[in-house]
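**Q** based on what follows, work out the 3D shape:
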Amino acid sequence: MNLTELRTFLAIIETGSLVRASKAMNVTQSTVTARLKALEDELGQRLIIRQKSGASLTAAGVRLQRYAATISDLWQQARQETALPDGMQSVCNMACHPDLWPDLGARLFDHIRTTQPHIALSIWTGGQHDLTHWLDNGLVDLALTYWPSTRAAKLTDELPPDRLILVSDKADNPIRFDKGYVYVEGGDDFGRAHATVFADAGTARLNFGTASLGLDHLLKNGGSAYLPDRLVQPHLGNDLHKLKDAPVFTRPSYVVSRSTVWAGWPWFDDAIAAMT
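**A** Sure thing, here's the model as predicted:
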């Protein structure tokens, strides 16, 4: 088994056929077929079912997919860390939920960048599933997230919680029964509290999975939504207005780091303290 065979396997899955995989990898279809056969022979399992309609995974292929993706990602990280820029001693791979990047994520990134000039930095953004996968598989060293870790191999530091405030493009917008209200995902606790407080207000027609998408919608189309205070501050008084007397909710946020990495970072406590 080699990395090229695994990447060819992943390309077949991503494109849905051997023909499209060959075009994506800029090799002949016979090359793709040979790489797949070599991988299947080595594992002793059929991985891909080839049909006129495309390629589909066998049960063995489904099991291999997760490991193949992790191996490919780890190789990319290994290449990065073994080819550090001149003067760099190590690399910090940092992940962040997209809604935590404005202010909190950017502040931590800038703090490390300015106080640790010998450390190379990379930043990835993703949802909770991505952040957990990257941490569990060693692809990132730390993650800014809304979900604390319960595993002993990770360390969790609590950050200032988000204040979720109701904002609108109109200062006199009603708190309840606004036809332009959009629901923005704010975690399970927010969902339960919101349902209790606004039990009589009906269901929002539009829903967004991240606050950044909800904010973008309000700025372009108007309406109202609960959004993090730090995210909307630059727009308050201009494009958006905080609605008075509306309930305010909070959403905890955290930095989760792998304990083995953290142990080699004597500066990390100061970096977290600078954010709180």
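
**Q** ok, which stretches of the protein are strands?
**A** 48-51, 54-57, 90-96, 119-125, 142-145, 154-168, 182-184, 206-208, 224-228, 241-242, 249-258 (DSSP state E).

**Q** got a list of contacts for stretch 239-253?
**A** The contact list for stretch 239-253 (Cβ atoms under 8 Å, 6 or more residues apart in numbering) reads 100, 104, 144-146, 148, 158-171, 173, 175, 186-187, 189-190, 193-194, 197, 218-219, 224, 226, 228, 232, 236. Heads up, the C-betas are built off the backbone N, CA and C, glycines and all.

**Q** before we move on, the earlier item: switch the strands of the chain over to TSV; also include mean pLDDT.
**A** Shown next, in TSV, are these (pLDDT from 0 to 100):
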stretch	mean pLDDT
strand 48-51	85
strand 54-57	84
strand 90-96	86
strand 119-125	87
strand 142-145	93
strand 154-168	92
strand 182-184	95
strand 206-208	93
strand 224-228	96
strand 241-242	95
strand 249-258	92
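
**Q** can you tell me how far the residue lying closest to Leu159 once chain neighbours are set aside is from Arg151?
**A** Counting by Cβ to Cβ, 6 or more residues apart in numbering, Leu159 lies nearest to Ser253, which is 4.5 Å off, once chain neighbours are set aside. Using Cβ to Cβ, to the nearest Å, we find Ser253 at a distance of 18 Å from Arg151.

**Q** the two: which is more packed in?
**A** Ser253 (23 against 13; other Cβ atoms under 10 Å).

**Q** ok, that one to Arg20 distance?
**A** When Ser253 is compared with Arg20 (using Cβ to Cβ), they lie 41 Å apart.

**Q** same deal with Trp124?
**A** Here Trp124 is placed at a distance of 27 Å from Arg20 (Cβ to Cβ).

**Q** ok, Tyr181 next?
**A** 43 Å.

**Q** kindly report the same for Leu43.
**A** Counting by Cβ to Cβ - Leu43 and Arg20 are separated by 23 Å.

**Q** so these two - more neighbours on which side?
**A** Legend: neighbour count by other Cβ under 10 Å for Leu43 and Arg20, higher for Arg20 (17 against 14).

**Q** need the contact list for the more buried one.
**A** Per Cβ under 8 Å, 6+ apart, neighbours of Arg20: none.

**Q** so how far is Arg163 from it?
**A** In this view, Arg20 and Arg163 are 47 Å apart by Cβ to Cβ.

**Q** now swap in Arg63 and tell me
**A** Distance from Arg63 to Arg163, by Cβ to Cβ: 44 Å.

**Q** which residues of the chain score low on pLDDT?
**A** Filtered on pLDDT under 70, the chain yields the residue ranges 1, 77-89, 152.

**Q** what's the single longest helix in it?
**A** Criterion DSSP state H: the longest helix present in the chain is helix 59-82.

**Q** that one vs strand 119-125, what angle?
**A** For helix 59-82 against strand 119-125, the angle by axes from the mean of the first three to the mean of the last three Cα atoms, to 10 degrees is 150 degrees.
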